[in-house]
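Asks: What follows is a predicted protein model with its sequence.
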Amino acid sequence: KLRYLTDNENDWPTLQCRNIFILPGVPQFFSKKVQALSVYLSSQLERSVSYKVVLSVDEASIVDALNEVVARHEQVSFGSYPFVDHAFKTVVTLESRMVRGGMKMRSNSTIILDRSQQEGQLIAKEEMDQNVQKALDDLIDSLPRDSILRVDNNDGVLFS
């Protein structure tokens, strides 16, 4: 598919094959196309709602529960961050993946590529938000009730 990334009628199109963009090899043309492509992609992709779950327990005490939740929600990216000398001990983050498929981890720590039929397809914002909400609900149900201090979303505050 040929994509016109700018409104300038003198710019030539960029070839797109699924989620791959073919760019020129000449440095000055490459640089111009990368700039146009970054503007195009950032305007096309909507981020999902994201959450931070702030916990009063050490990360080690939730590893098993967290791993089980992560395994059930492959379209959600999780992060787990331990803290020392704070009122809280761990922060877990959740955000939907924007593209189906990708890498999966086997139990022996070997990374494999997921080559499912839908790999590489963009996920609509509504579906991303639903994926994150389901994963959040599952995580909350899997953690000890008294361990959750608060749940924050998209507020821009970094673990205050």
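Replies: It's in.

Asks: Follow the chain on from the strand or helix carrying L66 and name the next helix or strand.
Replies: In the assignment (DSSP states H and E), L66 maps to helix 63-72. Downstream of helix 63-72, the next assigned helix or strand under DSSP H and E is strand 76-82.

Asks: Could you give me the buried positions within that next one?
Replies: For strand 76-82, the neighbour count (16 or more other C-beta atoms under 10 Å) marks V76, S77, F78, S80 as buried. Just so you know, the C-beta spots here come from the backbone N, C-alpha and C atoms, and that holds for glycine as well.

Asks: right, and out of these, which lies closest to P27?
Replies: Distance to P27, by C-beta to C-beta, is smallest for S77 among the buried residues of strand 76-82, at 33.4 Å.

Asks: who touches that closest one in this structure?
Replies: Shown in contact with S77 (C-beta atoms under 8 Å, 6 or more residues apart in numbering): T93, L94, E95, S96, R97.

Asks: Turn these into JSON lines, including secondary structure.
Replies: Listed next are these as JSON lines, based on DSSP: H, G, I helix; E, B strand; the rest coil:
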{"residue": "T93", "secondary structure": "strand"}
{"residue": "L94", "secondary structure": "strand"}
{"residue": "E95", "secondary structure": "strand"}
{"residue": "S96", "secondary structure": "strand"}
{"residue": "R97", "secondary structure": "coil"}
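
Asks: Thanks again, I'm all set now.
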